[in-house]
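**Student:** using only what follows, build the 3D model:
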Amino acid sequence: VTRASTAAPLPGKALVVFDPQRETIEAIVPCEDGHAQERSLLGQVGPLVGVGQVWLADRNFCTEGFLDELEDRGAYSLIREHDNLRFKPLEAMRAPVRPDGADSVVSEQWVQLKPRPDGREGVKLRRIRVELDAPTRHGESELYLLSTVPESVADAPTLARLYRQRWTIERAFLHLTVQLRCEVNTLSYPPAALFALACAMVVFNVLAVVKAALRAAHGAEVQARLSSHAMSNHMRSASQSLDEIVEPEDWQVFNAVSTVVMVQWLLEQAARVPLKRYAKAPTRKTPPKPTAKRAHDPKKPHVSLAKLLAKKAVKTP
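**Tutor:** You can find the predicted model right below:
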């Protein structure tokens with residue numbers, strides 16, 4: 001259906017719930033319509049919300065409906081403010097505070113959303129202003145966050161610091177795209193593309209469990225030394241070998257074991273892992289040498305590499 005057009009086909013999109021503490025993907029809301037607005041999928045997110053959870057989201061999800069949904073389900077919000085959201089200030093902005101070693105000044109005030117359609121009063125929110133010393137890559141020097149987390153649980157600087165760690169979500173999707181190939185270029189048929197995305201997310205969670213076992217067996221600091229790329233490549237190559245020598249029914253034993261037994265087995269295997277095999281490549285300690293500017297000679301459109309190498313060998317003592 002796209003052969004007569006040069007427009008790139010969109011195979012779909014998905015809303016993904018990511019747990020940054022466990023580094024796992026908790027849920028996915030797939031949509032085959034690539035032009036669908038992300039907000040149109042928020043209705044399917046509500047049943048995924050648990051009591052006591054803190055939900056971080058970008059300003060695109062800062063809607064009255066979603067904030068009301070989180071409040072009604074006993075969860076807390078920490079969402080960047082959208083310009084279209086309307087609220088009533090309950091107090092003036094408080095005196096700004098600069099935490100020790102921080103690169104921003106933080107202040108806050110209480111605000112309230114408009115009354116709900118059923119007559120209940122609007123949700124009360126903490127509106128947190130973050131004034132950055134250096135602007136973001138988009139040129140923004142101020143961030144406004146809305147949260148229902150009580151002041152007794154977390155102060156404004158803590159919430160601001162927590163939200164600014166939201167970039168770990170982007171890092172997770174970079175890992176999905178580059179190393180786990182969640183976006184297959186040849187798959188434009190929406191069900192197939194979304195299935196490939198879901199498969200990559202399952203593998204992502206498997207890697208998260210492996211990393212957790214390695215941290216438990218070798219210490220939390222070990223993750224900084226491990227290469228996700230090396231681990232992904234080993235999983236890919238090892239799985240092909242296992243498919244050849246292990247029958248599918250031989251894996252059924254893992255379906256019957258309890259969680260406790262599975263955890264013990266994972267820890268035993270993690271203790272035996274040769275960490276050097278998956279170590280990150282060493283970083284360059286010295287700055288790279290400046291690259292010489294190439295000279296262009298229209299009279300010499302090409303050169304003999306063999307002659308150049310021989311000439312260089314003569315000069316080299």
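
**Student:** just the pLDDT at Thr316, thanks.
**Tutor:** With respect to pLDDT, Thr316 scores 63.

**Student:** quick one: the helices in the stretch 201-317 of the chain?
**Tutor:** 228-245, 253-256, 259-271, 305-315 (DSSP state H, counting those that start in this stretch).

**Student:** what does the shortest one contact?
**Tutor:** Looking back up the chat, that one is helix 253-256. Helix 253-256 is contacted from outside by Met262, using CB atoms under 8 Å, 6 or more residues apart in numbering. Every C-beta, even on glycine, is put in place using the N, C-alpha and C of the backbone.

**Student:** tell me which residues in that helix are buried?
**Tutor:** Buried residues in helix 253-256, defined by neighbour count with 16 or more other CB atoms under 10 Å: none.

**Student:** adding distance to Ala279, write the helices of the stretch 201-317 of the chain out as TSV.
**Tutor:** As requested, the helices of the stretch 201-317 of the chain are exported to TSV (distance: least, CB to CB, whole Å):
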stretch	distance to Ala279
helix 228-245	8
helix 253-256	28
helix 259-271	16
helix 305-315	34
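
**Student:** His175 is nearest to which of those?
**Tutor:** helix 228-245 (5.8 Å; CB to CB).

**Student:** how far does that closest one sit from its chain's centre?
**Tutor:** Taking CA atoms, centre = their mean, to the nearest Å, one finds the center of helix 228-245 at 23 Å from the center of the full chain.

**Student:** so who does Leu266 touch?
**Tutor:** Contacts of Leu266 (CB under 8 Å, 6+ apart): 209-210, 213.

**Student:** including neighbour count, distance to Pro282 and pLDDT, could the residues you listed go into TSV?
**Tutor:** Shown next, in TSV, are the contacts of Leu266 (neighbours: other CB atoms under 10 Å; distance: CB to CB, whole Å; pLDDT from 0 to 100):
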residue	neighbour count	distance to Pro282	pLDDT
Val209	15	27	94
Val210	18	23	93
Ala213	19	25	95
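
**Student:** closest to Lys312 among the residues you listed?
**Tutor:** Val210 (46.9 Å).

**Student:** quick one: contacts for the closest residue to the closest one other than its chain neighbours?
**Tutor:** Spatially, and ignoring its direct neighbours in sequence, Val210 is nearest to Met231 (7.0 Å; CB to CB, 6 or more residues apart in numbering). Listed by CB under 8 Å, 6+ apart, the contact set of Met231 reads 207, 210-211, 278.

**Student:** residue ranges with poor pLDDT in the stretch 51-200 of the chain?
**Tutor:** For the stretch 51-200 of the chain, applying pLDDT under 70 flags no range at all.

**Student:** again, only this time at 90
**Tutor:** Where the stretch 51-200 of the chain drops to pLDDT under 90, the residues are 99-103, 117, 119, 134-140, 164-190, 192-193.

**Student:** could you point out which of the helices of the stretch 201-317 of the chain sits nearest Ala217?
**Tutor:** helix 259-271 (3.8 Å).

**Student:** for the nearest residue to Arg39 once chain neighbours are set aside, grab phi and psi.
**Tutor:** Nearest residue to Arg39, sequence neighbours excluded (CB to CB, 6+ apart): Thr63, at 6.4 Å. Backbone torsions of Thr63, given as degrees, to the nearest 10, read phi -120, psi 150.

**Student:** what's the neighbour count on Thr63?
**Tutor:** 17 (other CB atoms under 10 Å).

**Student:** contact partners for it?
**Tutor:** 39, 42, 82, 85.

**Student:** look up the closest residue to the last one, ignoring the ones flanking it.
**Tutor:** Right, the one you point to is Leu85. Cys62 (5.5 Å).

**Student:** many thanks, have a good one.
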